[in-house]
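[1] Could you look at this predicted model? Sequence included:
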Amino acid sequence: MSLFWRVFLLNAAVFTAATALLVLSPATVSTPVLPAEGLILVAGLAAMLVANALLLRIGFLPLRRLTRAMTTIDLLRPGSRPPVSGHGGIADLIKAFNAMLDRLEIERATSNARALSAQEAERRRIARELHDEVGQSLTAVLLEMRRVSDDAPEAVATALHQVQETTRDSLDEIRRIARRLRPGVLEELGLASALKSLAGEVGGGVARCRIDGELPELGEEVELVIYRVAQESITNAVRHAAATRIDLSVRVGQSVVRLRVRDDGVGIGDAPEGAGIRGMRERALLAGALLAVEPGPEGGTEVRLDVPIQDGGGR
């Protein structure tokens, strides 16, 4: 039954009941209307309006739930669907909305996969150029300055030595940037070594890494998702949260790999999610993983990533 006919029949039921009550009751209306008769008419009208409002509210309750779902749905947290209830057009509308969400989530996941793949390819290209071109150029400059300083006067040699140290520091920084752009240790030594290396890059022993159990074969894409989420979590803790302690842990369960990154920083508070956290959510979707960013049990922030282990290992 269409929405039009449902509303029409609800109103018709109210008017029919009111008409039957008027016919069967001893109440009469004279001309002019007496005060007592006017009170009866007002009371009858109020009862009709209240009954009509209650019936319409009950009939439109599924639409209110659908409206609430429309305003709160987040494609980065897939799976949430309003229940199909109501009759006729209302149920069809909710089914159509759920089908639209299915299509949007599939299209978003596909487009995100392409975008992140292109991003990783660009990261590898830039890292390769930094290492091969800029790195080699700076290395050549260092060698040339060393040769010149050997034949230069003492004062000039001292100045050249200072320039050498500055250039050497710049070369080391470029190499660190290249490693962050393209985690070669992940490709060469695997996820466990890459996470330990990532924690070791934070100076002062701030970050600690613990891996419980032997990591299964997850596949390159899933391992890259775990690595990037850990990398972004540590970066946020160091740069934005002023953390002095970061605990990174990985535990292997029967059907899931659990990544936890916990810090003692200032926490996220009521601040809206930035591009970094949304990027982590998009990566988690690629691996079919669940991501949660919440306040830690002892302050700071805790990032949890639960990655399902596919049958047969890898994806």
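    Right, received. Where do you want to start?
[2] what mean pLDDT does the helix or strand containing residue 102 have?
    Using DSSP states H and E, residue 102 sits within helix 89-129. The average pLDDT within helix 89-129 is 78.
[3] C-terminal to it, what's the next element?
    helix 135-151.
[4] what packs against the helix holding residue 102?
    helix 3-24, helix 61-72, helix 154-181, helix 275-286 (3 or more CB pairs under 8 Å, 6 or more residues apart in numbering; DSSP states H and E). Where C-beta positions appear, they are placed from N, C-alpha and C, glycine not excepted.
[5] any chance of those helices in JSON lines, with mean pLDDT, distance to residue 228 and mean neighbour count too?
    JSON lines is the format used below for those (pLDDT from 0 to 100; distance: least, CB to CB, whole Å; neighbours: other CB atoms under 10 Å):
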{"stretch": "helix 3-24", "mean pLDDT": "72", "distance to residue 228": "47", "mean neighbour count": "13"}
{"stretch": "helix 61-72", "mean pLDDT": "78", "distance to residue 228": "28", "mean neighbour count": "13"}
{"stretch": "helix 154-181", "mean pLDDT": "82", "distance to residue 228": "10", "mean neighbour count": "13"}
{"stretch": "helix 275-286", "mean pLDDT": "83", "distance to residue 228": "6", "mean neighbour count": "18"}
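[6] out of these, which comes closest to residue 43?
    helix 3-24 (11.3 Å; CB to CB).
[7] tell me the average confidence for the next helix-or-strand element following the closest one?
    Using DSSP H and E, the next helix or strand after helix 3-24 towards the C-terminus is helix 35-59. Averaging pLDDT along helix 35-59 gives 76.
[8] So what's the gap between helix 35-59 and the chain middle?
    49 Å (CA atoms, centre = their mean, to the nearest Å).
[9] Ok, stretch 251-264 next?
    With CA atoms, centre = their mean, you get 17 Å for stretch 251-264.
[10] next one: stretch 155-164
    Chain-centre distance of stretch 155-164: 51 Å, with CA atoms, centre = their mean.
[11] Output that stretch as CSV - backbone C-alpha positions only.
    The C-alpha trace of stretch 155-164 is given here as CSV (Å, rounded to 0.1, in the frame of the first residue of the first chain):
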residue,chain,number,x,y,z
ALA,A,155,90.9,28.6,7.7
VAL,A,156,89.2,27.6,4.4
ALA,A,157,89.5,23.9,5.3
THR,A,158,87.8,24.6,8.7
ALA,A,159,84.9,26.4,6.9
LEU,A,160,84.7,23.6,4.4
HIS,A,161,84.6,21.0,7.1
GLN,A,162,81.6,22.8,8.7
VAL,A,163,79.8,22.8,5.3
GLN,A,164,80.6,19.1,4.9
